[in-house]
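Colleague: okay, sequence plus prediction incoming.
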Amino acid sequence: MKKIGLLNQPLSAVIAGMGHFDSLVIADAGLPIPLNTPRIDLAVSKNIPPFLDVLRAVLEEMQVEAAIIAEELPVRSPEMHQQLVSLLKAVPITAVPHTQFKVQSAGARAIVRTGEFTPYSNVILIAGVVF
């Protein structure tokens, strides 16, 4: 049994298999997930698990060189936006319209659905390299 890091097997496997520029989406409970994009559904109930908790766990294991958010996030959910920026630290963040975000998320290696009910709490993480 694994004793540290991500314990969710599908999520751990996706991250382990990612290469440079591959993307992973951490999503709120409402983001539409295309049928052809793998879904890792962690949602249990309203706000369980929270978006930020899942993001923290993923950032422990994934090398991230860039991130994409919906431009609506800072306006509609400013507190969530501030916390997201704080977690991503020096990672460059690009904001795009939510409609474009949904199109881009379809090309991700997987979309991780959380139980988050805060509007626009979604991020596309772009994989970097560790060397």
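Modeller: Everything's here; your move.

Colleague: what residue is smack in the middle of the protein?
Modeller: Note on the chain: the residue nearest the mean C-alpha position is Ile26, at 2.0 Å, using C-alpha atoms, centre = their mean.

Colleague: show the average pLDDT along the helix or strand where it lies.
Modeller: Assigned by DSSP states H and E, Ile26 belongs to strand 23-27. Over the span of strand 23-27, the pLDDT mean works out to 98.

Colleague: and the longest strand for the protein?
Modeller: strand 64-70 (DSSP state E).

Colleague: pull the residues that contact it.
Modeller: With contact meaning C-beta atoms under 8 Å, 6 or more residues apart in numbering, strand 64-70 is reached by 81, 84, 88, 91-98, 101, 104, 120, 122-129. The way it works is simple: take the backbone N, C-alpha and C, and place the C-beta from them, glycine included.

Colleague: just the ones in strands from those residues, please.
Modeller: Judged by DSSP E, strands contain the following of these: Ile93, Thr94, Ala95, Val96, Val123, Ile124, Leu125, Ile126, Ala127.

Colleague: farthest-apart pair in these, please.
Modeller: Within the ones in strands among the contacts of strand 64-70, two members stand farthest from each other by C-beta to C-beta: Ala95 and Ala127, at 19.6 Å.

Colleague: more neighbours, these two?
Modeller: Neighbour totals were compared for Ala95 and Ala127, and Ala127 leads with 19 against 16 (other C-beta atoms under 10 Å).

Colleague: now do the same contact list for that one.
Modeller: Contacts for Ala127 (C-beta under 8 Å, 6+ apart) come out as Met18, Gly19, His20, Phe21, Asp22, Ser23, Leu24, Met62, Gln63, Val64, Glu65.

Colleague: kindly report the same for Val85.
Modeller: Contacts for Val85 (C-beta under 8 Å, 6+ apart) come out as Ile93.

Colleague: ok, it to Asp22 distance?
Modeller: Distance of Val85 to Asp22, computed by C-beta to C-beta, to the nearest Å: 23 Å.
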